[in-house]
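S.K.: Build me a structure from this.
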Amino acid sequence: MKDPNNPCLFCSIKKDDIVHENHLSYASYDSYPVTKDHCLIIPKRHIKNYFDLNNEELIACNDLIKIIKNEILEKDKSVKGFNLGTNIGKFSGQSIYHCHLHLIPRREKDVDNPQGGVRSVIPNKQHYKRKI
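M.R.: So this is what the prediction gives:
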């Protein structure tokens, strides 16, 4: 199996795979999408994770997140929500050590019970009863 970190998959992306870009970041559809139109927002500078982003890179990534979100909502009226997240470190599930953010469109009934959303990274913590 090819190592996506050697050379870095995100540093050597094909221009045709970029759907949007600005001076500090770019967006590309995920090769292993969780849902249709699952997109990655990636800083151009090779840095390990979200906490290494500088303020300008944060703004550039956020600008692309909003552009992609709006495009998805425009073209697919079945999208009712989004998950936005990033994996930081091996124990969170990060497998490509170049910062990237996942924008995952969500549709009604794409799972039986979406309660807890990103909490499902620890399956037995996803569903909970709210304390009054």
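S.K.: Can you tell me how far the nearest residue to residue 10 once chain neighbours are set aside is from residue 88?
M.R.: Nearest non-adjacent residue to residue 10, counting by Cβ to Cβ, 6 or more residues apart in numbering: residue 98, 4.2 Å away. Just so you know, the C-beta spots here come from the backbone N, C-alpha and C atoms, and that holds for glycine as well. When distance is defined by Cβ to Cβ, to the nearest Å, residue 98 is 12 Å away from residue 88.
S.K.: Likewise for residue 95?
M.R.: 12 Å.
S.K.: Equivalent analysis for residue 119, please.
M.R.: From residue 119 to residue 88 the distance is 16 Å (Cβ to Cβ).
S.K.: where does the spatially most central residue of the chain land on pLDDT?
M.R.: In the chain, the residue lying closest to the centroid (Cα atoms, centre = their mean) is residue 102, at 0.5 Å. Note on residue 102: pLDDT of 97.
S.K.: dump the residue contacts of the residue nearest to it when sequence neighbours are not counted.
M.R.: Spatially, and ignoring its direct neighbours in sequence, residue 102 is nearest to residue 85 (5.4 Å; Cβ to Cβ, 6+ apart). By Cβ atoms under 8 Å, 6 or more residues apart in numbering, the residues touching residue 85 are 101-102, 104, 118.
S.K.: Ends of stretch 33-48, what's the gap?
M.R.: End-to-end span of stretch 33-48 (Cα to Cα, to the nearest Å): 21 Å.
S.K.: Let me fix that, I meant to ask about stretch 6-19.
M.R.: 23 Å.
S.K.: Tell me the gap between it and the middle of its chain.
M.R.: Its chain's C-alpha centre and that of stretch 6-19 lie 15 Å apart, by Cα atoms, centre = their mean, to the nearest Å.
S.K.: Show me what it is in contact with.
M.R.: 26-29, 39, 42, 46, 68, 96-98, 100.
S.K.: distance of residue 29 from residue 119?
M.R.: 25 Å.
S.K.: typo on my end, it should be residue 57
M.R.: From residue 57 to residue 119 the distance is 27 Å (Cβ to Cβ).
S.K.: So which of the two has more stuff around it?
M.R.: residue 57 (19 against 13; other Cβ atoms under 10 Å).
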